[in-house]
Each structure stands twice: as C-alpha cells, then as structure tokens.
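Asker: sequence-free structure coming up:
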C-alpha cells in the first residue's frame, strides 16, 4: 500500500513539474512563435506529459477526461476519487 | 486546474453584423442570468458539498458554462464587427460604444454592469442546488426571449438554440444532484444539519 502511495505521489509530482515547463514554454512561444528550438523543447515535454497522464489514469484514475478511456475499472473514478481541494493531492 | 481548447462548443459564423441584436444577447454574457454568473456560481459553490458526485456536477457544469460564455462572446463579437458609425448611432449602440468601443464588457441588456449579487454561494448544498435549478430555468427563459427576437437570423438562431437546450440538460442534472444529496440526509428532516458545515449529525 505504501509502495503504491509512493508511486502515486511521485508520478503526481512529476506531472506538476512537467506541466509547469509546458505552461512556461507556451507563454514564451506566444510571443516568440518562430523559435524552433523552443518548439522542440515544448514538444518533448508535451509527449512526456501525455505519457505520465496516461500512466496515472491507468493506475489511479484520470486527472483529465481525455485520459478516462485509459482506466479499465468499472467505476467512474472521475467522481469517486478525491477532488483537488480536499487536500492530499 | 484548467486548460483551454481552441474551439467553440458549437460553431458561431454570423455573416451580417447587427448591433441591435448584440445589445440584447449581451445579457447572456454579463446579465443576471448570464453565462458569467452561471460559471462563477457553480465554481464557487462546489467547495460546500461533501458529496463528490455533486462536486463533480458543479465542476463540470461550471466548466461548460465558461465554454458557453465564450460562445455568447463570439456571437457579440461577430454581431458588432465592422459597424459603420451610422449603424452604431441608429441601433442605439452608441451608449455602449462610448465606453467600450466594440470591446466585450459584461453587462445586462439594460446597461446594468455585472454584479456578483446576481448569484449566491450559501455554503449549504441544498440551498445552492435549489438556486442552481432556478438559475437554469431563468437562463432558459432568457434564451426563449432571445429566440423570439432572432427568428429571422438563422446564423444567430442556431447557436442560441443549442445554448437553450443545454440549460434544460443542466436543470435535469442538478435535479439528480439534489436527489443524491437528499438521499444522504435525514429523510424526516432534510434541514437537520448542514452536511458541508456541521461536524456531527444530531
């Protein structure tokens, strides 16, 4: 159980870090739309985020609806798992 | 957190500007039963329910309302694009124009600015859900009133008809959320305690 919680919080933390890079790169690219190097950098993190989001959805429930198909459980985890303001996630 | 999809929930392609229609449709952006109020109502209320199904309903409908606000805004933008000064004066749009040019600013059709007092967040899930069901019906009536005014403008009619239909669906879902809430309460007295506030259920 602890091992699962460790994995859950590690993956969750990684998603936060990866997504923050995306947010920053998106804002930068909006004002520098021809910076090829920045676009490649963003693409790398977008792929990384999609992968991490899929993995999280499959193991613990979806963080966004577009990953809801990655959950094999016969339970609508979108609504049975805690909401972010409940704390602890 | 939120992320943005670069598309409208239902297409808006208005060929002819019409500042007179824009002025009435504006009420569904910043008016008492508009989409700005709807989104802020549900997204503010969702913290006061301990029931995750209800919090999910408020989150997802609140999010959809943001998409509806965007649709109404796109309608107003297209109806007020490329207006001549004569059209601005003749349509009565001059009073809005003087303060906002053709920019989007949340106000009711009668010119009253948006005010958070048009919605409540009572910290009591039963009270909030009754308000939400009433709000959906009020918005439905407003869209019905708009539909009578835009009957001859199919480009405007179709997206407004879509928005009206969503009010009916949301009303239904809030009704279900209220039933879920009441099923978890004391059936002899739904008001015996506030499940989002009181610590013990005596």
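Answerer: Perfect, thanks for sending it. Keep in mind that this is a model prediction, so the values were computed, not measured.
Asker: host element of the spatially most distant residue from the centre of chain A?
Answerer: Distance from the C-alpha centroid of chain A, by Cα atoms, centre = their mean, peaks at residue A:34 (26.5 Å). Assignment of secondary structure by DSSP states H and E places residue A:34 within no helix or strand.
Asker: against chain B, how distant is it?
Answerer: 19 Å (Cβ to the nearest Cβ, to the nearest Å). To be clear about C-beta, it is placed using only N, CA and C from the backbone, and glycine gets the same treatment.
Asker: pretty sure residue B:142 sits in a helix.
Answerer: Yes. Counting by DSSP: H, G, I helix; E, B strand; the rest coil, residue B:142 is part of a helix.
Asker: for it, which non-adjacent residue is closest in space?
Answerer: Excluding the flanking residues, the one nearest residue B:142 by Cβ to Cβ, 6 or more residues apart in numbering or on different chains is residue B:33, at 5.0 Å.
Asker: the one you found against residue B:136, yeah?
Answerer: No. Using Cβ atoms under 8 Å, residue B:33 is not in contact with residue B:136, being 9.0 Å away.
Asker: near chain B, which residues of chain A?
Answerer: With Cβ under 8 Å from any Cβ of the partner chain as the criterion, chain A meets chain B at residues A:64, A:78-85.
Asker: are any of these buried, and which?
Answerer: Buried subset of these (neighbour count, 16 or more other Cβ atoms under 10 Å in any protein chain shown): A:78-79, A:81, A:83.
Asker: nearest to chain B, of these?
Answerer: Checking those against chain B by Cβ to the nearest Cβ gives residue A:79 as the nearest, at 4.0 Å.
Asker: which element, helix or strand, includes the closest one?
Answerer: Here residue A:79 is assigned to helix A:77-80, by DSSP H and E.
Asker: residue B:182 now?
Answerer: Residue B:182 belongs to helix B:154-183, assigned by DSSP H and E.
Asker: okay, buried residues for that helix please.
Answerer: Neighbour counts over helix B:154-183 (16+ other Cβ under 10 Å) mark B:155-156, B:159-160, B:162-164, B:166-167, B:170-171, B:173-174, B:177-178, B:180-181 as buried.
Asker: ditto for stretch A:22-33
Answerer: A:22, A:25.
Asker: and that stretch, how far out from the chain's middle?
Answerer: On the basis of Cα atoms, centre = their mean, to the nearest Å, stretch A:22-33 is displaced by 19 Å from the centre of the chain it belongs to.
Asker: again with stretch B:107-122
Answerer: Distance of stretch B:107-122 from its chain centroid, counting by Cα atoms, centre = their mean, is 11 Å.
Asker: buried sites along that stretch?
Answerer: Residues of stretch B:107-122 classed as buried by neighbour count (16+ other Cβ under 10 Å): B:107-109, B:114, B:118-121.
Asker: likewise stretch B:101-108?
Answerer: Result for stretch B:101-108 [16+ other Cβ under 10 Å]: buried residues B:102, B:104, B:106-108.
Asker: just the closest of those residues to chain A, please.
Answerer: residue B:104 (20.1 Å).
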